[in-house]
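Have a look; sequence and predicted model below, questions after that.
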Amino acid sequence: MTSTLRLLQLVAALAALSLAAPARAATDIALWHAMSGELGRQLDKLASDFNASQSDYRIVPAYKGNYTETVTAAIFAFRSRSQPAIVQVNEVATATMTAAKGAIYPVFSLMQDQGEPFSLGNYLPAVSGYYTDAAGNLLSFPFNSSTPILYYNKTMFREAGLDPEAAPKTWPELGAAAKRLRDRGAACGFTTSWPSWIHVENFSAFHNLALATRANGFAGLDAELTINNPLLVKHIAQLAEWQKTGLFDYSGRGQSAEPRFQKGECGIFIGSSATRADIKANSKFEIGYGMMPYWPDVKDAPQNSIIGGATLWVLRDRPRQEYKGVARFFAYLSQPAVQAAWHQNTGYLPVTRAAFELTRSQGFYERNPGSAISFEQITLHPPTEKSKGIRLGSFILIRGAIEDELEQAFAGQKSAQAALDSAVERGNKLLRQFERASPDR
């Protein structure tokens, strides 16, 4: 009887297996990105967590080099019809991506077509506004966003007789603090990274000052730069004057200034909020944090800062089933718990207010002084037409031209007015080239 029963059980099990539908393999979705090191590991974890949360889709991240290399790889891949479904693109290439209408699948259309929950009102206007079209529709998914903040060496402040609990709020206050630091032997008073991003792009937004006509390019391709205005000329001239005595010490482009602050050479540093964890890990002194300085005689200052970083763009001509997975991935990324973890683990801004509130309720900001300043600064006031961001074609090249001219001003080779006049002339030529090549012309 026992043998017969076992045989019947085996036959029943085999019959059940034969009737069962074959297991469906998960649909792979390629995500090309520009994040290396710890940020790359955090992105891999994000993808793994999403993959583990369901069995239908599998996000497959692939590092393709820096931002320029990543978007270039995607463009070449699109031409050979081997493009990924998702590509990470930095914020200054937004106009270039927007112009490639046949190649991109706008996020607002994707979420609507795939029936995934999506409300633009859930996202921070200062972040999402950078990536919307003229009708306010979101074109790409805000992913890693940062903004400049001020860091200062509390130990050096104490030794110079400055209040270690008070960050300089205005440019005159910063200049006075830098002089005290220099008088007490500091190699330099203050330095900054990303000269155009901080001293032209964010400076303009923080003072509610137009960077270009046509709503900083959002309203049309025929925009022209306006950065040779009196306030920016005054600011660059002041930096050049401070450069002569070491109150300000130009340290180069990109993030080349950051190590000088970490080593204690410069008492004040203005750089990306996303480097806060790195600065904290590599500095052997107590760090203070503050918002970007502003000129107190400017009526609308401080307004709000703007972002750097990148978004996730969806490319067309992938198999239909991939797009449902992309939409589900974006819905997953929007969840407050997921956003809060990404924000806390990387230092990037949360893209939703719910993620910020969750992070605050978890006590993260109390345990990590300075970590909320970027959010507070970018949401200081609702963004205006002048402070929502930049939508200018070829802006990577324009930023390079601006920094060429700033370096000549800081070196005393040109006046601030001449340098910014030249930056406008060079930048406008690039804008006209982009306009002529655009299909929207």
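That came in fine, so what should we check first? Numbers count the residues shown, from 1 in each chain.

elements contacting the lengthiest helix in the chain?
Scanning the chain for the longest helix, with DSSP state H as the assignment, gives helix 416-437. Where contact means 3 or more CB pairs under 8 Å, 6 or more residues apart in numbering; DSSP states H and E, helix 416-437 is packed against helix 94-99, helix 230-245, helix 395-410. No exception for glycine: its C-beta is placed from N, CA and C like everyone else's.

What residues sit buried inside the next helix or strand after the first one?
On the C-terminal side of helix 94-99, the nearest following helix or strand under DSSP states H and E is helix 107-114. Neighbour counts over helix 107-114 (16 or more other CB atoms under 10 Å) mark Val107, Phe108, Leu110, Met111, Gln114 as buried.

What values do phi and psi take at the closest residue to the fourth one other than its chain neighbours?
Using CB to CB, 6 or more residues apart in numbering and skipping residues adjacent in sequence, the residue nearest Met111 is Phe118, 3.7 Å away. Backbone geometry at Phe118, expressed as degrees, to the nearest 10, gives phi -160, psi 130.

can you check Ile29 too?
phi -130, psi 110.

Share the number of residues neighbouring it, please.
Counted with other CB atoms under 10 Å, residues neighbouring Ile29 total 26.

hang on, isn't it packed against Ile59?
Yes - Ile29 lies in contact with Ile59 (CB atoms under 8 Å); the separation is 5.3 Å.

Identify the contacts common to these two.
Ile86, Gly325, Phe329 (CB atoms under 8 Å, 6 or more residues apart in numbering).

what about the residue nearest to Met111, neighbour count?
Phe118: 19 neighbours (other CB under 10 Å).

I'd say it and Gln112 touch.
Yes - contact criterion CB under 8 Å: Phe118 and Gln112 qualify, at 7.3 Å.

hmm, back to that, quick one, what contacts the residue nearest to Met111?
Contacts of Phe118 by CB under 8 Å, 6+ apart are Val107, Phe108, Met111, Gln112, Phe330, Ala331, Ser334.

which residue packs closest to Gln303, ignoring adjacent ones?
Asn208 is the one closest to Gln303 (CB to CB, 6+ apart), at 4.1 Å.

Just say helix, strand or coil for the one you found.
Counting by DSSP: H, G, I helix; E, B strand; the rest coil, the backbone at Asn208 sits in coil.

got a list of what it touches?
Here Asn208 is in contact with Val298, Asp300, Ala301, Gln303, Thr384, Lys386, Ser387 (CB under 8 Å, 6+ apart).

count of residues packed around the third one?
By that I understand Ala301. Per other CB under 10 Å, the neighbour tally for Ala301 reads 18.

what does the one 10 residues further on give?
In terms of burial, Thr311 registers 27 neighbours under the definition other CB under 10 Å.

any idea which helix or strand carries it?
strand 308-314.

Pull up the pairing partners for that strand, direction included.
Strand 308-314 pairs in its sheet with strand 86-90 (antiparallel), strand 141-146 (antiparallel), by DSSP bridges.

Ok, which of the ones you listed comes nearest Arg320?
Closest approach to Arg320 among the strands paired with strand 308-314 is made by strand 86-90 (15.4 Å; CB to CB).

Grab the CA positions of the closest one and hand them over as CSV.
C-alpha atoms of strand 86-90 as CSV (Å, rounded to 0.1, in the frame of the first residue of the first chain):
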residue,chain,number,x,y,z
ILE,A,86,17.6,54.2,-20.0
VAL,A,87,20.7,56.6,-20.1
GLN,A,88,21.9,59.0,-17.4
VAL,A,89,22.6,62.5,-18.8
ASN,A,90,23.9,65.5,-16.9
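
orientation of that strand relative to helix 395-410 in degrees?
20 degrees (axes from the mean of the first three to the mean of the last three CA atoms, to 10 degrees).

Measure how far strand 86-90 is from the centre of its chain, please.
12 Å (CA atoms, centre = their mean, to the nearest Å).

if we can go back for a sec, now the two most distant members of the contacts of Asn208.
Val298 and Thr384 (13.8 Å).

Leu392 - that's part of a strand, no?
No - checked against three-state DSSP, Leu392 lies outside a strand; its state is coil.

okay, now it: neighbour count?
Counted with other CB under 10 Å, Leu392 comes out at 26.

Kindly report the same for Ser334.
Ser334: 22 neighbours (other CB under 10 Å).

Surely it is in contact with Thr352?
Yes - counting by CB under 8 Å, Ser334 touches Thr352, with 6.5 Å between them.

which neighbours do those two share?
Asn122.

list the contacts for the residue nearest to Ser146 when sequence neighbours are not counted?
Sequence neighbours aside, Ala274 is the residue nearest to Ser146 in space, at 3.8 Å (criterion: CB to CB, 6+ apart). Contact analysis of Ala274 by CB under 8 Å, 6+ apart lists Asn144, Ser146, Gly309, Thr346, Gly347, Tyr348.

Lys324 now?
Tyr57, Gln114.

Number the residues from 44 up from this point.
With the count now opening at 44, the last piece we talked about shows up as Lys367.

where's it, which helix or strand?
helix 363-376.

mind listing the strands for the stretch 94-243 of the chain?
100-106, 129-133, 184-189, 191-196, 231-235 (DSSP state E, counting those that start in this stretch).

how about the third one as PDB, C-alpha atoms only?
Read it as strand 184-189. What follows is the C-alpha trace of strand 184-189 in PDB, where atoms were taken according to Å, rounded to 0.1, in the frame of the first residue of the first chain:
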ATOM      1  CA  PHE A 184      13.300  61.400 -14.400                       C
ATOM      2  CA  PRO A 185      15.200  63.400 -11.800                       C
ATOM      3  CA  PHE A 186      17.800  61.100 -10.300                       C
ATOM      4  CA  ASN A 187      20.900  62.500  -8.800                       C
ATOM      5  CA  SER A 188      20.700  66.200  -8.000                       C
ATOM      6  CA  SER A 189      23.000  68.400  -6.000                       C
END
